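Asker: Need coordinates for the following:
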Amino acid sequence: MTAHYQVHGDVAVITLDNPPVNGLGLSTRQAIAQGLDRANDDPAVRAIVLTGAGKAFSGGADIKEFGSPKAYQDPNLLSVILAVEHSAKPVIAAVHSVCMGGGLELALGAHYRIAAPGTKVALPEVKLGLIPGAGGTQRLPRVLGVEAALNMIVSGEPVASEILAAIPGQKLFDKLAASAETLLEEAIALAREVADKHAGGAPLPLVRHLPCQHPQGDAYFQFARNMVGAQAKHYPAPLKCIDAVQAATTKRFDDGMAFERETFVNLMNTPVSMALRHLFVAERAAGKIADVPEDTPVREVRQVAIIGAGTMGSGIAINFLNVGLPVTLLEAKPEALERGVAHIRSVYEGQVKKGKLKPEQVEQRLALLRTTMTYDDIRDADLVIEAVFEDMAVKRQVFEQLDAVMKPGAILATNTSTLDVNQIAAFTKRPQDVIGTHFFSPANVMKLLEVVRGDKTAKDVLATVMALGKKIKKTCVVSGVCDGFIGNRMIEQYSRQAGFLLEEGCTPEQVDRAIEKFGFAMGPFRMGDLAGNDVGWYIRKRRYVEKPHLRYSKIADRLCEMGRFGQKTGAGWYDYQPGKRDAIPSPVVNQMIEDYRKELGINPRKISDDEIVQRLVFALVNEGAHILEEKIAARASDIDMVYITGYGFPVWRGGPMHYAEQFGLFNVVQAMKRFAKNPHDDAQFWQPAPLLQRLVAEGKGFAAV
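Answerer: Numbering: from 1, shown residues only. From the prediction side, this is the model:
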């Protein structure tokens, strides 16, 4: 059972028990309904307490049932809340720890509510592209007031129970318990008190009967729409939240509930909500590794060493300092160490200026940082991350030295973005301890961490790095070993298409504008200027030797030969003014592109934004399908997480693989066949991946892989 029934004298206690957050799945809903019936049928029971076991009252819907018939099967949550309201005996919700979504809506159906201090209370449905669907928009404004409730519903952010209990006139909590430990005891005492109060037949209080209005009426809601509309450009749910709360102030309660339900169902079928729900599930799935059980023992990591104090190395260090782990930075030259420490300090000082950190917190973190120029000083580190120049000969030197000095059982990680982790592991006598930890720049900001599993990487090493990644608040995605892993292997095809588009008639600004309008944070040419065009140039030079059959536009090479490496040199695909990051279209670059076209004998043509977007995005999809087929990525949703958290793919589109499914895999393959006929493109690349062809033939999606 996922809910237990116990009687304490004259009070029945129904305890939700569906770890980890007591999700309100079908079996839990059935158990609550059965418990209510049992208590009401027992003459010895005078009142009922509803609470949650473990670390939550309830976090709401059970994500394991997302999108399945069970999610709507009776008794659905609305029916359960109705059963709570109709209970002839008072129901007291005793909430603690986490009371969110459907959990809060369930509590709002109770006659009385008591909360443990520190309870996180929220209606986070907006983060899934939805509005609350079981009365949250109708009941919360009645107990908190319209403005406080609307702020919670539109933001989806949790608020502490003490803050809510302090709102003047609030009726959300009838009492705050002294502590989580005494909550049940105090709830049972409150239950007896209210049972006495209603013994004479006095009606039980229902939230639905409370008044709901705002003194400014429609004017307030229009103000709210103006505020929210500008920020919610691609997301329909926040504005729909306002409509639903306004309905609570203008309609009868049951009519408001019907309006909320209709709005919820309509949003459920929008591409945005489907994308956000996909990513919600994808983020949790990314942490699961088929052959590494969740209870795999992990190695203890008490101190970290980082080789290389450049922008990447110092950025990586910040992640560990933030969670209280001592870090030793190793560099060959004292001036490089000084620059690295200065960079770390400047990042922290920036956070102080923004009010995100206190000066004493900065000093606490910096006190955990040591610097050295000798490998002997890091021999006791539990984890060492190499963040040196992207060159195999340099990596070899580092790993041979690490192998010689590091203690047995230390994890040796490489931050390589494209190089062969198996080859790097072979430089040591302990390949089982070697793993790839591909951070993204700036490493202290970007959420993504590609965890690269070598052929010989031990399971406990993988489990340790995944757990550590979570501790430093990264979204970890496991990748197998191949050139570029998941993200960079795919972006190479995207970048190749961007180059071909220039050859055929586009300008850099046209390509960037089209893909940014689609929703990317930054187009390929602005991205190149930010990252440094010389980085791609270095990789292409290696490609020309290793993969001579692979065709690239040489326009990017010409740009680099002109010394236009991007923002750091004040000129790249765009021109930049000193101290500013605004990308100004460059007549010099556009002329260079025109000259190159003439050399190739290409007559430029007008290229639509649709073609630009499809060639760039479907290049990601086709390469992603190859990656799935080769088992480099475990699931299509892992690829989506990489692109959402590491490459600026629009969140509301759910990632390249999800977007392709929404677009229709048949349509994607048809577009690829058209691109293959373009004489200036790469016909071989546009042969749809066998996996794509198979899924289209079988009428299936990526979930079938």
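Asker: ok, residues contacting stretch 248-266?
Answerer: Taking CB atoms under 8 Å, 6 or more residues apart in numbering as the criterion, the residues outside stretch 248-266 that touch it are 78, 130-133, 135-138, 141-142, 146, 208-209, 212-214, 217, 240, 243-244, 247. C-betas here are computed from N, CA, C, even on glycine.
Asker: chain center to it: distance?
Answerer: Using CA atoms, centre = their mean, to the nearest Å, we find the averaged C-alpha position of stretch 248-266 to lie 30 Å away from the chain's own average C-alpha position.
Asker: just stretch 132-150 next, same as before
Answerer: Shown here is stretch 132-150, whose average C-alpha point lies 27 Å from the average C-alpha point of the whole chain (CA atoms, centre = their mean).
Asker: Quick one: the helices in the stretch 251-400 of the chain, in order.
Answerer: The residue ranges that make up the helices of the stretch 251-400 of the chain, judged by DSSP state H, counting those that start in this stretch, are 253-268, 271-286, 311-322, 334-353, 359-366, 392-405.
Asker: What helices and strands are in contact with the third one?
Answerer: Looking back up the chat, that one is helix 311-322. Contact partners of helix 311-322 among helices and strands, from 3 or more CB pairs under 8 Å, 6 or more residues apart in numbering; DSSP states H and E: strand 304-307, strand 327-330, helix 334-353, helix 359-366, strand 434-439.
Asker: Okay, now the unreliable bits of the chain?
Answerer: Along the chain, the parts satisfying pLDDT under 70 run over 67.
Asker: In terms of residue numbering, what are the domains of it?
Answerer: Domain segmentation of the chain under automatic domain parsing yields 3-268, 304-479, 487-704.
Asker: For my notes, please list those domains in TSV and give mean neighbour count and distance to A275 for each entry.
Answerer: Shown next, in TSV, are the domains of the chain (neighbours: other CB atoms under 10 Å; distance: least, CB to CB, whole Å):
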stretch	mean neighbour count	distance to A275
domain 3-268	19	7
domain 304-479	19	16
domain 487-704	18	3
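Asker: Can you show me the helices along the stretch 451-600 of the chain?
Answerer: With helices called from DSSP H, counting those that start in this stretch, the stretch 451-600 of the chain shows them at 459-471, 487-504, 508-518, 524-531, 533-546, 555-561, 587-600.
Asker: Next, the distance between the ends of stretch 5-25.
Answerer: Across its full length, stretch 5-25 reaches 17 Å between end residues, using CA to CA, to the nearest Å.
Asker: again with stretch 287-300
Answerer: For stretch 287-300, the separation between the terminal residues is 19 Å (CA to CA).
Asker: got a list of contacts for it?
Answerer: By CB under 8 Å, 6+ apart, the list of residues contacting stretch 287-300 from outside reads 382, 409, 411, 459-464, 466-467, 470, 476, 478, 634.
Asker: let's see it at 7 Å
Answerer: The set of residues that contact stretch 287-300 without belonging to it, under CB atoms under 7 Å, 6 or more residues apart in numbering, is 382, 409, 411, 459-460, 462-464, 466-467, 476, 478, 634.
Asker: Report the distance from it to the chain centre.
Answerer: In this view, stretch 287-300 has its centroid 21 Å away from the chain centroid, taken as CA atoms, centre = their mean.
Asker: Could I get the buried residue list for it?
Answerer: By 16 or more other CB atoms under 10 Å, the buried positions in stretch 287-300 come out as I289, V292, T296, R299.
Asker: Format the helices and strands packed on helix 311-322 as TSV; extra columns: distance to A195.
Answerer: Putting those into TSV (distance: least, CB to CB, whole Å) gives the following:
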stretch	distance to A195
strand 304-307	57
strand 327-330	58
helix 334-353	52
helix 359-366	49
strand 434-439	58
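Asker: Which one, of those, ends up nearest to F565?
Answerer: helix 334-353 (19.2 Å; CB to CB).
Asker: Please report how far I491 lies from F440.
Answerer: According to CB to CB, to the nearest Å, I491 and F440 sit 11 Å apart.
Asker: tell me the contacts of K240?
Answerer: For K240, the set of contacting residues under the criterion of CB under 7 Å, 6+ apart consists of I131, T263, L267.
Asker: any idea how far the last one lies from R38?
Answerer: The one in question is L267. L267 sits 36 Å away from R38, going by CB to CB.
Asker: before we move on, what about the second one?
Answerer: Separation of T263 from R38 (CB to CB) stands at 35 Å.
Asker: G59 too?
Answerer: Applying CB to CB, the value for G59 to R38 is 25 Å.
Asker: do I316 as well
Answerer: In this structure, I316 and R38 are separated by 56 Å, where distance is defined by CB to CB.
Asker: OK, contacts around V347?
Answerer: Neighbour list for V347: I318, N444 [criterion: CB under 7 Å, 6+ apart].
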